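Trainee: Structure of the sequence below:
(chains A and B)
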Amino acid sequence: MLDIKRIRERPEEIRQGLRARGADASAVDAVLALDTQRRDLLTATETRKSDRNRISKTIGERRKQGEDTADMQAQVRDLGDEISAMDERVREVEAQLEARMLMIPNIPCPHIPVGPDASGNRVVRTWGEPRTFNFQPKSHIELGEKLGIFDFARATRMTGAGFPLLVGAGSRLQRGLIQYMLDLHITEHGYTEIWPPALCNTRSMTGTGQLPKMAEDMYHLVEDDLWMIPTAEVPVTNYYREEIIDRPLPISLTAYTPCFRREAGAAGKGTRGMIRVHQFDKVEMVKFVEPATSYDVLEALTGNAEDVLQRLGLCYRVLELCSGDISFAAAKCYDLELWAPGQDGWLEVSSCSNFEDFQARRAGIRYRDSEGKVQFVHTLNGSGVALPRLVVAIIENGQQEDGSVILPPAIVPYMGGMDRITA
RNA sequence: GGAGAGGUGGCUGAGUGGCUUAAAGCAGCGGUUUGCUAAACCGUCGUAGUACCUAAAGUGCUACCGGGGGUUCGACUCCCCCCCUCUCCGCCA
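Mentor: Below you'll find the predicted structure:
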């Protein structure tokens, strides 16, 4: 959520930011009108409340002295009716204002490229070289089914299309990678590991920005009004929801969770195989930091995700997303994409974002600065990294002409010494 | 799911209709004392909204004692509903 005071004081800046995103800038005027209405109503209401409090106090004093206060009581009773009606109007206007505010996306950081969509993204750097083959590289779908490590047919029967089923060495690889990534983050990158719930309530989902806008992209358990998390960002960021953090910043948390996405409207778009699925696993990194440091921390966070890939020896590139392609809550975002020879393309496995105080405002996450003043923190998160696209890249990059797969040395200890998957 | 107990500030914990933003203690912050640390003593110390102010600071007002509603001139205090925590029972990986 944006700061209403910022919208009030610098509306043109907000309009420009929204336009850069391709969002509706007229929301600014709608919000300002409601804000003015709200403040006018509040002033009038609070004057009456002040009167009521004062007169009620007088009644108490007079009655103690045995005086008759019937007139005053009648007066305050009328005042009370008036206040009730006005409170009701204040609530209505505030509800409208909040509904509008929750739908306004974050303002992009002014230094990121301006562009309409993914075409405006900028490649910041590429690490490693795409592997060259002296045979035609195959897709993970073909490789995985022949190796018996994926089973799409049974997964569909069990649940439905788009749910992954890994078997044998495939399952162990996935589990080993989760362990490898968590170990790396907690021992080398300074993160504290947590194991959160995979379902969150509506307030948490609103806190990080998934709700109200992305409701149809999530699985909703109506009976309990709980939502299956689309990313560990939700529970991990909400760890400190409605708290004034009393520990020194920065705080770095990491968690493995399954993630669930309905991918409504994405049917037919890369739906075969492991690349776009309704359930996937991910190790996530989340940071709570002092505002002045958040852009430096974003670079470090992105570096933590890159480290995962570098140690596996996988070729990847880093994209700086343009204003039209960053997500709803983000002010700046880097995507990490792995080279996948079987796709002849790049696969997004991480998205590292600075949300500035956007999520902190929604979720009420604050800290005390060096002067003891309560301030909103800045929050950041990044995948570190997402499976099973990582599995796809490992398989497609490690494939041999005979269909077997040589595994990166870094993961071999997590495979009980297995360095190659064969049929 | 059933029965009982309880939810007050960063923490512990008083408070059964007006004198309570809320005693007391701890923690925090500022200071005095001090070779350093510790201790002692003094002071200070909730969050948010809003109005005034160019702004900061400050001052006033309003709201907030799990959430919502009710009674009352007036609710932390009385009544109703809901949520959560704890204990016991039931069920269960």
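Trainee: SS state for residue A:14?
Mentor: Following DSSP: H, G, I helix; E, B strand; the rest coil, residue A:14 is assigned to helix.
Trainee: so who does it touch?
Mentor: Counting by Cβ atoms under 8 Å, 6 or more residues apart in numbering, residue A:14 makes contact with A:2, A:6-7, A:25, A:28, A:107. All C-beta spots, glycine's among them, are computed from the backbone N, C-alpha and C.
Trainee: which ones among those residues are found in helices?
Mentor: Among the contacts of residue A:14, the members found in helices (DSSP state H) are A:6-7, A:28.
Trainee: biggest separation within the contacts of residue A:14, which pair?
Mentor: A:6 and A:25 (14.7 Å; Cβ to Cβ).
Trainee: Neighbour count for these two, which is higher?
Mentor: Taking other Cβ atoms under 10 Å, residue A:6 and residue A:25 do not tie; residue A:25 has more neighbours (17 against 12).
Trainee: so the more buried one makes contact with residue A:12?
Mentor: No: at 9.6 Å, residue A:25 does not count as touching residue A:12 under the criterion of Cβ atoms under 8 Å.
Trainee: can you list residues touching both of the two?
Mentor: By Cβ under 8 Å, 6+ apart, no residue touches both residue A:25 and residue A:12.
Trainee: want to try CSV for the contacts of residue A:14, with pLDDT and distance to RNA strand B as columns?
Mentor: CSV is the format used below for the contacts of residue A:14 (pLDDT from 0 to 100; distance: Cβ to the nearest atom of the strand, whole Å):
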residue, pLDDT, distance to RNA strand B
A:2, 93, 12
A:6, 92, 11
A:7, 94, 11
A:25, 94, 22
A:28, 95, 16
A:107, 96, 18
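Trainee: Show me where the stretch 151-300 of chain A has its helices.
Mentor: A:152-158, A:169-187, A:202-208, A:233-237, A:294-311 (DSSP state H, counting those that start in this stretch).
Trainee: same for the second one, what does it pack against?
Mentor: In terms of contacts (3 or more Cβ pairs under 8 Å, 6 or more residues apart in numbering; DSSP states H and E), helix A:169-187 is packed against helix A:140-147, strand A:192-194, strand A:251-260, strand A:279-289, helix A:294-311, strand A:378-386, helix A:389-398, strand A:420-421.
Trainee: least trustworthy helix or strand in chain A by mean pLDDT?
Mentor: Sorting the helices and strands of chain A by mean pLDDT, DSSP states H and E puts strand A:243-245 at the bottom, at a mean of 84.
Trainee: what's the offset of that strand from the middle of its chain?
Mentor: 19 Å (Cα atoms, centre = their mean, to the nearest Å).
Trainee: Spell out which residues of the stretch 51-200 of chain A are next to RNA strand B.
Mentor: When proximity is defined by Cβ under 7 Å from any atom of the strand, the stretch 51-200 of chain A lies next to RNA strand B at A:52-57, A:59-60, A:63, A:73, A:76-77, A:80.
Trainee: My error: substitute the stretch 201-350 of chain A in the last question.
Mentor: Checking the stretch 201-350 of chain A against RNA strand B by Cβ under 7 Å from any atom of the strand, the hits are A:244, A:246.
Trainee: tally of neighbours for the residue in the stretch 301-423 of chain A that RNA strand B sits nearest to?
Mentor: Nearest residue of the stretch 301-423 of chain A to RNA strand B, counting by Cβ to the nearest atom of the strand: residue A:374, 4.2 Å away. Other residues near residue A:374 come to 9 when the count uses other Cβ under 10 Å.
Trainee: show me what contacts residue A:350?
Mentor: A:305, A:335-336, A:382-386 are the contacts of residue A:350 under Cβ under 8 Å, 6+ apart.
Trainee: Quick check: next helix or strand after the one helix or strand it maps to?
Mentor: Taking DSSP states H and E as the definition, residue A:350 sits inside strand A:345-354. Heading C-terminal from strand A:345-354, the first helix or strand you meet, by DSSP H and E, is helix A:358-363.
Trainee: Pull out the buried residues from that following helix.
Mentor: A:358-363 (16 or more other Cβ atoms under 10 Å).
Trainee: Which parts of the stretch 1-150 of chain A are strands?
Mentor: Counting by DSSP state E, counting those that start in this stretch, one finds strands in the stretch 1-150 of chain A at the ranges A:122-127.
Trainee: circling back to that earlier point, just the helices and strands packed on helix A:169-187: most buried one?
Mentor: Each of these was scored by mean neighbour count; the highest is strand A:378-386, a mean of 28, by mean count of other Cβ atoms under 10 Å.
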